[in-house]
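Peer 1: Following is a predicted model, sequence given first.
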Amino acid sequence: MAVLVQASAESLPADTTQDWLFSAAVAGVALTVWLVERQLAGTPSVFFNELRRLAPELLALTFCLLLASGLIFCGQHNGGEAIPKQDEGLWKDINAEWPILKTADTLLGLQAMLRLVLLSSAVLRGGDQKDSSAFALEPATFMLAAAVTRAVLLLLSPWDVYHLDGPLGGALNLGAELVAVPLLIWLARGMLSAGWARLASLAIASTAVLAVALSQRLALADPGSEYLDVLFSFSMLLDLAGAAWFLIRCCALGSNARSSFMAYAVFALPAQELLVAIFMLSSWGEAPFQEVTALVGSGRPFLVLQASAIAEVGLYLASAVVFTASVQFAKDDEERATPLFAQL
C-alpha cells in the first residue's frame with residue numbers, strides 16, 4: 001500500500017522477516033509430508049493416486065507461483081500509479097529492505113492469487129456440497145462477505161491508499177479480488193436454503209464483526225474517508241469468522257469430508273493466511289502488537305488485527321489436524337471392518 005511507504009521504510013529488518021517466512025514454509029512442507037506419510041504409511045500407490053487426483057490444483061498452483069516469481073524477479077512496480085518522484089528514494093530503500101519480495105505488499109498480492117486456485121478447485125470439485133465439504137454454507141458465506149468488502153474497498157479507495165504496490169499490486173491484485181467474488185457467490189448459494197436459524201446466526205455474527213470493525217480501525221484513509229479503514233478491518237474480521245466456522249464444520253463432518261478438494265483446502269488455507277499474518281506483523285514500523293499512534297483511527301486496531309491474523313492461521317491448522325485425524329480414524333475403522341481374507 002502506497003500509504004505504508006513511510007511506515008515500511010522504518011520497519012523491522014526485512015531480511016529477518018523473509019528468513020522467517022522461508023523457515024515457516026519449510027516447516028509447513030515438512031509437516032505436510034509427515035502427515036501424509038502418517039496417513040498413507042505403507043501404501044505408496046495411494047499416495048501417488050492422491051497426488052494424481054490433485055494434479056489440476058498442483059498444476060494451477062505451480063503456474064501461479066511461477067507467474068508471481070517471474071513478476072517479482074522482474075522487480076517492476078505494478079501499482080495503480082507511479083511512485084511519486086519525491087518518494088523514489090524511499091521506495092528504493094524499501095526494495096533494499098525486501099530484496100526478494102520488493103515490498104511487504106507482495107505477501108497480500110500472492111495470497112489473492114493463491115486464493116483463486118483454491119476457489120477454482122472448490123467450484124470444480126464440489127466445494128459447495130454441505131455433506132462433504134467444510135467450506136460450504138457459513139465459511140463460504142463469510143468469505144464471500146470478506147471478498148465483497150475487499151472489492152468495494154479497492155473500488156472506492158484512491159490508488160495511493162489501500163491498493164497494493166510492487167510486482168503483484170495494482171490492476172493484477174484488483175482483478176484477482178474481483179474475480180473471487182463470482183466464484184464465492186456460486187459457492188455460498190446454498191446458504192439461501194439453509195434455514196432461518198442459520199441465516200439468523202449468520203446475521204448476528206456479521207453484526208458483531210461489524211461492531212468490532214467500527215471500534216477497531218486504522219487511520220490510513222484521508223479525512224472524511226474513514227469508512228475505508230472500517231472496510232479494511234471488517235474484511236479481516238470476516239475472514240476470521242470464516243476460519244472459525246470452517247473448523248466447526250470440519251469437526252461436525254468428521255470423516256465425511258474426505259474429498260480431494262478438502263485434502264487440498266486444509267493445507268492451502270493456513271498457508272494463504274500465513275502470508276497475511278506475516279504482513280500484519282512486519283509492515284508497520286513497530287514490533288508486533290504495538291500500536292503505531294499516527295496510524296490508529298480508534299481502539300487498538302494493530303493488536304486486534306494482528307491477533308486475528310494469527311488466530312486464522314491457528315484455526316486452519318487445527319482444521320487440518322481434525323481432517324487428517326478423521327480420515328485416519330475412518331481408514332482404521334474400514335480396515336477393522338474388512339475380513340482378514342479380503343485384506344490378504
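Peer 2: Yes, it's here.
Peer 1: okay, CA-based contacts and neighbour counts for the rest of this
Peer 2: Fine.
Peer 1: Next, give phi and psi for S298.
Peer 2: phi -160, psi 150 (degrees, to the nearest 10).
Peer 1: Relative to E226, how far out is it?
Peer 2: S298 sits 10 Å away from E226, going by Cα to Cα, to the nearest Å.
Peer 1: now the helices for this structure?
Peer 2: For the chain, helices defined by DSSP state H occupy the ranges 5-9, 14-40, 44-53, 55-74, 88-97, 105-124, 138-156, 170-188, 196-215, 226-253, 260-282, 301-337, 340-343.
Peer 1: Switch these over to a markdown table; also include mean neighbour count.
Peer 2: Output for the helices of the chain, formatted as a markdown table (neighbours: other Cα atoms under 10 Å):
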| stretch | mean neighbour count |
| --- | --- |
| helix 5-9 | 20 |
| helix 14-40 | 14 |
| helix 44-53 | 13 |
| helix 55-74 | 15 |
| helix 88-97 | 18 |
| helix 105-124 | 21 |
| helix 138-156 | 23 |
| helix 170-188 | 19 |
| helix 196-215 | 15 |
| helix 226-253 | 23 |
| helix 260-282 | 21 |
| helix 301-337 | 19 |
| helix 340-343 | 8 |
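Peer 1: can you redo those helices as CSV with mean pLDDT and distance to A294?
Peer 2: Below are these laid out as CSV (pLDDT from 0 to 100; distance: least, Cα to Cα, whole Å):
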stretch, mean pLDDT, distance to A294
helix 5-9, 46, 10
helix 14-40, 55, 22
helix 44-53, 65, 49
helix 55-74, 91, 30
helix 88-97, 76, 19
helix 105-124, 95, 20
helix 138-156, 97, 21
helix 170-188, 95, 25
helix 196-215, 95, 17
helix 226-253, 96, 14
helix 260-282, 92, 16
helix 301-337, 84, 12
helix 340-343, 38, 67
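Peer 1: Could you save those helices as a markdown table and add columns showing distance to H163?
Peer 2: Below are these laid out as a markdown table (distance: least, Cα to Cα, whole Å):
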| stretch | distance to H163 |
| --- | --- |
| helix 5-9 | 12 |
| helix 14-40 | 21 |
| helix 44-53 | 36 |
| helix 55-74 | 17 |
| helix 88-97 | 16 |
| helix 105-124 | 9 |
| helix 138-156 | 6 |
| helix 170-188 | 6 |
| helix 196-215 | 19 |
| helix 226-253 | 11 |
| helix 260-282 | 14 |
| helix 301-337 | 18 |
| helix 340-343 | 58 |
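Peer 1: Select, out of these, the one closest to T293.
Peer 2: Closest to T293 of these, according to Cα to Cα: helix 301-337, at 9.9 Å.
Peer 1: starting at the chain centroid, how far to stretch 214-227?
Peer 2: On the basis of Cα atoms, centre = their mean, to the nearest Å, stretch 214-227 sits 23 Å off its chain's mean C-alpha point.
Peer 1: ugh, wrong one, I meant stretch 127-134
Peer 2: Distance of stretch 127-134 from its chain centroid, counting by Cα atoms, centre = their mean, is 19 Å.
Peer 1: nearest to S132, of the helices of the chain?
Peer 2: helix 226-253 (7.1 Å).
Peer 1: Next, the angle from the closest one to helix 260-282.
Peer 2: Interaxial angle, helix 226-253 versus helix 260-282 (axes from the mean of the first three to the mean of the last three Cα atoms, to 10 degrees): 140 degrees.
Peer 1: distance between helix 226-253 and the chain's centre?
Peer 2: Averaging C-alpha positions (Cα atoms, centre = their mean) puts helix 226-253 10 Å from its chain's average.
Peer 1: which helices and strands does it pack with?
Peer 2: If contacts are counted by 3 or more Cα pairs under 8 Å, 6 or more residues apart in numbering; DSSP states H and E, helix 226-253 sits against helix 138-156, helix 196-215, strand 217-218, helix 301-337.
Peer 1: Make JSON lines out of those and add distance to I278.
Peer 2: Below are the helices and strands packed on helix 226-253 laid out as JSON lines (distance: least, Cα to Cα, whole Å):
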{"stretch": "helix 138-156", "distance to I278": "19"}
{"stretch": "helix 196-215", "distance to I278": "21"}
{"stretch": "strand 217-218", "distance to I278": "18"}
{"stretch": "helix 301-337", "distance to I278": "9"}
